[in-house]
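A.B. asks: Mind folding the following:
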Amino acid sequence: MTDDSGRSRVGLQLRELRQALGWSLREVERRSGGQVHNAYLSQIETGRVKDPSVELLATLAQLYGADLWQLMHRAGWVPEHYRDDSPDPEPTGWDLLPRALFDDLTSDEVDEVVEYGKLVKRRRRRAASAQEREEAGGR
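C.D. replies: Residues are numbered from 1 along each chain as shown. Down below sits the predicted model:
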């Protein structure tokens, strides 16, 4: 499964998870004890490698605190009999946040963090809209 730019969905998700943790590619290699080579992970994240192994996904899922089944699904590793063209389910707070950062929070607390993130985004959009209106009025 790839997006319009050709990057695999799993590659995009792996990059987002890694960046959310603030880790470089070399840091992932170090934390994995060399099981995940930084150059190979870069190729997965950019879509040059589209079919990472289940073993590699399991290592990254554990390292990132992510859901292995979701990574496997995004990589195309689904049971042969599974054919579902329905859209992906709405992500939960746990899906949106790397678990390694929030492993001591309750699900209600995680939901609060997600809602706060949405609030910050709404404020940013409102500020940008106000600035655009101001700039348009000043011309």
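A.B. asks: my read: Ser8 touches Ile44, true?
C.D. replies: Yes: in this structure, Ser8 is within contact of Ile44 by C-beta atoms under 8 Å, at 7.3 Å. All C-beta spots, glycine's among them, are computed from the backbone N, C-alpha and C.
A.B. asks: Any figure for the gap between Leu12 and Glu112?
C.D. replies: From Leu12 across to Glu112, the span is 26 Å (C-beta to C-beta, to the nearest Å).
A.B. asks: for Arg18, same thing?
C.D. replies: Distance from Arg18 to Glu112, counting by C-beta to C-beta: 25 Å.
A.B. asks: between those two, which one's more packed in?
C.D. replies: Arg18 (20 against 13; other C-beta atoms under 10 Å).
A.B. asks: show me the contacts for that one.
C.D. replies: By C-beta atoms under 8 Å, 6 or more residues apart in numbering, the contact list for Arg18 reads 25, 28, 41, 45, 64.
A.B. asks: for the chain, what spans make up the helices?
C.D. replies: Counting by DSSP state H, the chain has these helices, from start to end: 9-21, 25-31, 38-46, 54-64, 68-75, 93-96, 99-102, 107-137.
A.B. asks: Now the weakest link among those helices, please, by mean pLDDT.
C.D. replies: When the helices of the chain are compared by mean pLDDT, helix 93-96 comes last with a mean of 59.
A.B. asks: quick one: Leu17 and Leu63 touch, right?
C.D. replies: No: contact criterion C-beta under 8 Å: Leu17 and Leu63 do not qualify, at 9.1 Å.
A.B. asks: so how far is Tyr116 from the spatially most central residue of the chain?
C.D. replies: Central residue of the chain (C-alpha atoms, centre = their mean): Gln13, 3.3 Å from the mean position. Distance, Gln13 to Tyr116, using C-beta to C-beta: 22 Å.
A.B. asks: before we move on, what about Glu134?
C.D. replies: Taking C-beta to C-beta, one finds Glu134 at 27 Å from Tyr116.
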